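> Using only what follows, build the 3D model:
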Amino acid sequence: MSDQETAPEALRWSTANCTISRTMEILGEKWTFHVLREVFVGLRRFEDIRTRTEIPRQVLTDRLARLIDRGLLRRVPYRLPGQRERYEYRLTQAGLDLYPVMVALVQWGDEHLPLDDGPPLIARHRGCGEEVTVTMHCAGGHEPEPREVAFTPGPSAQVRIVD
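Modelled structure (predicted):
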């Protein structure tokens, strides 16, 4: 048997157009999730986000601009009496679609990096008050364990070119 025949299947496929890599280009910097966390909990104004996170002003400006450019946030103008026009930052549908990711991060952190006094943040269903968790499920209605899930090549998968 050749090395190619015994190599893991994943080595046959390129990562050039990897979904995880493309996603992490947007989300992979720590301050990005801090900004999103604040918008998810209801802070929408620059100074409120900066005060709570202590993100340096220029870093926050850059992260907000990047999240707007990538379609996760949108700017909405507002004006307080006697002041200049400013902007609030609101989640777009793409931003809202990250909510399960945020809940999953909190869930993972609480499980694997617990604090003695319990979690500092709990996701609750507004309708009934119960805690919200994230689970995997397939189109067939099953809730597979992680080892029961396999990534397989999709329609845009590319064969890896070996030099």
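> Please make it C-alpha for all contacts and neighbour counts, starting now.
Will do.
> All the helices of this protein, in order from the start?
3-6, 19-27, 30-40, 46-53, 57-69, 93-96, 99-112 (DSSP state H).
> got a markdown table for those helices, with mean pLDDT and distance to R160 too?
Output for the helices of the chain, formatted as a markdown table (pLDDT from 0 to 100; distance: least, C-alpha to C-alpha, whole Å):
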| stretch | mean pLDDT | distance to R160 |
| --- | --- | --- |
| helix 3-6 | 66 | 12 |
| helix 19-27 | 86 | 16 |
| helix 30-40 | 94 | 31 |
| helix 46-53 | 96 | 42 |
| helix 57-69 | 97 | 31 |
| helix 93-96 | 97 | 30 |
| helix 99-112 | 95 | 29 |
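> What are the buried residues along stretch 118-132?
Within stretch 118-132, no residue counts as buried by 16 or more other C-alpha atoms under 10 Å.
> care to break the chain down by domain?
For the chain, the structural domains run 1-96, 98-150, going by automatic domain parsing.
> what's I68 in contact with, if anything?
Going by C-alpha atoms under 8 Å, 6 or more residues apart in numbering, I68 touches R74, R75.
> That one and L60: what is the separation?
As judged by C-alpha to C-alpha, to the nearest Å, I68 and L60 stand 12 Å apart.
> And for R50?
R50 is 7 Å from L60, where distance means C-alpha to C-alpha.
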